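In: Based on what follows, work out the 3D shape:
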Amino acid sequence: MGVIDVTNVSFAYERDLVLENISLTVEKEDFLAIIGPNGGGKSTFLKLILGILKPNNGTVRVLGNEPSKNLSHIGYVPQNTNVNTDFPIKVIEVVMMGHVGGKRPLFGYGEGEIGCAMGALAQVGMEAYADKKIGSLSGGQRQRVMIARALCAHPSILILDEPTASIDVAGQRDIYELLKELSKSVTIIVVSHDISVILEYANKAAHINKTLSYHDISNKEKSFPAHARGEHFCEVELLQMLGSKSSCDTSEREKKWRTKP
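Out: Numbers count the residues shown, from 1 in each chain. I've put the predicted structure just below:
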């Protein structure tokens with residue numbers, strides 16, 4: 001049994017089949033990259049893991065139970081972490097929002113909770129910014145703060161939906177370096193379109209476009225011969241590899257997406 005077990009899951013919005021017979025096991029301390037075209041079912045897959053949706057068929061288990069029974073073990077960083085830059089809230093206050101049931105509305109947060117928040121900021125390299133206004137930070141810095149907020153709940157699993165959207169390549173690499181370090185103690189699941197960047201950091205990859213294809217990419221030289229020769233990571237190489245692992249028929253839309261230069 002893995003940290004997350006998805007078994008023969010299908011899901012449809014009314015008559016629109018979004019996911020078909022999906023199975024996947026995520027192990028402890030995996031760094032799983034979830035890729036695929038827009039509308040392929042990636043966000044729906046995350047909602048099933050988070051217990052927001054329930055499958056029409058099959059089962060989803062998080063740490064052996066239904067997702068709703070283990071939500072306190074999951075940290076979630078949504079795709080849109082933009083904030084009102086004029087709103088006068090400090091970084092430390094944003095991070096403390098991650099405490100699960102720990103706030104006392106009349107008296108604020110205790111020393112232990114503040115210490116936990118500062119520890120989370122230290123994990124993401126942002127402790128020096130604790131008293132800065134959240135709106136004064138760059139996009140990459142704000143993303144680190146949102147990760148710290150999720151870490152405040154001491155999760156076993158950290159799920160991020162497009163964490164590097166609207167961040168430059170250097171900032172993307174900073175975030176993925178951070179996530180790789182965190183994966184030594186927390187299971188990481190990332191939905192991303194930054195395929196050629198995230199390949200360097202993830203050890204597992206799943207491609208979702210209604211059905212799911214999966215591959216272990218922990219051995220980069222074996223998985224990516226072009227990279228082993230000193231060339232850049234090639235997303236076409238990955239997509240072809242994932243396609244070869246799938247036992248399902250590939251749609252025309254998927255063929256076009258996979259072979260796009």
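
In: From here on, just use CA atoms for contacts and neighbour counts.
Out: Noted.

In: Identify the residues contacting the helix or strand hosting Leu48?
Out: Using DSSP states H and E, Leu48 maps to helix 42-49. Here helix 42-49 makes contact (Cα atoms under 8 Å, 6 or more residues apart in numbering) with 4, 18-19, 34-36, 53-55, 60-62, 67, 161, 191, 208-209.

In: Show only the entries of those found in strands.
Out: Counting by DSSP state E, those place 4, 18-19, 34-35, 60-62, 161, 191, 208-209 in strands.

In: Now compare these and name the two farthest from each other.
Out: Distance extremes for the ones in strands among the contacts of helix 42-49: the farthest pair is Val62 and Asn209 at 22.4 Å, using Cα to Cα.

In: Might you list the low-confidence residue ranges for the protein?
Out: Residue ranges of the chain with pLDDT under 70: 80-85, 100-109, 225-261.

In: quick check, nearest of the ones in strands among the contacts of helix 42-49 to Asp86?
Out: The nearest one, if we look at the ones in strands among the contacts of helix 42-49 relative to Asp86 and count by Cα to Cα, is Asp161, at 24.9 Å.

In: Pull the number of nearby residues for Met1.
Out: 11 (other Cα atoms under 10 Å).

In: just the helices in the stretch 51-200 of the chain please.
Out: Listed in chain order, the helices of the stretch 51-200 of the chain (DSSP state H, counting those that start in this stretch) span 91-96, 111-123, 139-151, 169-182, 195-198.

In: Would you mind writing the CA trace of the longest one as PDB?
Out: Just to be clear, that refers to helix 169-182. Coordinates of the C-alpha atoms in helix 169-182 are reproduced here as PDB (Å, rounded to 0.1, in the frame of the first residue of the first chain):
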ATOM      1  CA  VAL A 169      12.900  30.000 -15.700                       C
ATOM      2  CA  ALA A 170      15.300  30.900 -13.000                       C
ATOM      3  CA  GLY A 171      12.500  31.200 -10.500                       C
ATOM      4  CA  GLN A 172      11.000  27.900 -11.700                       C
ATOM      5  CA  ARG A 173      14.300  26.100 -11.000                       C
ATOM      6  CA  ASP A 174      14.500  27.700  -7.500                       C
ATOM      7  CA  ILE A 175      11.000  26.300  -6.700                       C
ATOM      8  CA  TYR A 176      11.700  22.900  -8.000                       C
ATOM      9  CA  GLU A 177      15.100  22.800  -6.100                       C
ATOM     10  CA  LEU A 178      13.100  23.600  -3.000                       C
ATOM     11  CA  LEU A 179      10.500  20.800  -3.700                       C
ATOM     12  CA  LYS A 180      13.300  18.300  -4.400                       C
ATOM     13  CA  GLU A 181      14.800  19.000  -1.000                       C
ATOM     14  CA  LEU A 182      11.400  18.800   0.700                       C
END
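
In: quick one, that helix and helix 111-123 angle?
Out: Calculated by axes from the mean of the first three to the mean of the last three Cα atoms, to 10 degrees, helix 169-182 forms an angle of 120 degrees with helix 111-123.

In: buried ones in helix 169-182?
Out: Burial within helix 169-182, assessed by neighbour count using 16 or more other Cα atoms under 10 Å, is assigned to 171-176, 178-180, 182.

In: Please apply the same query to the first one.
Out: When neighbours are counted by 16+ other Cα under 10 Å, the buried residues of helix 91-96 are found to be 91-96.

In: contacting residues around the nearest residue to Gly171 once chain neighbours are set aside?
Out: What sits nearest to Gly171 in space, not counting adjacent residues and going by Cα to Cα, 6 or more residues apart in numbering, is Gly140, at 5.8 Å. When contacts are counted by Cα under 8 Å, 6+ apart, Gly140 touches 164, 167, 171-172, 175.

In: same question, Met1
Out: Applying Cα under 8 Å, 6+ apart, the residues near Met1 are 25, 64.

In: wait, doesn't Val60 sit right on Glu66?
Out: Yes: using Cα atoms under 8 Å, Val60 is in contact with Glu66, at 6.5 Å.

In: Who has more neighbours out of the two?
Out: Val60 (25 against 16).

In: what's the spacing between the more buried one and Leu46?
Out: Distance of Val60 to Leu46, computed by Cα to Cα, to the nearest Å: 11 Å.
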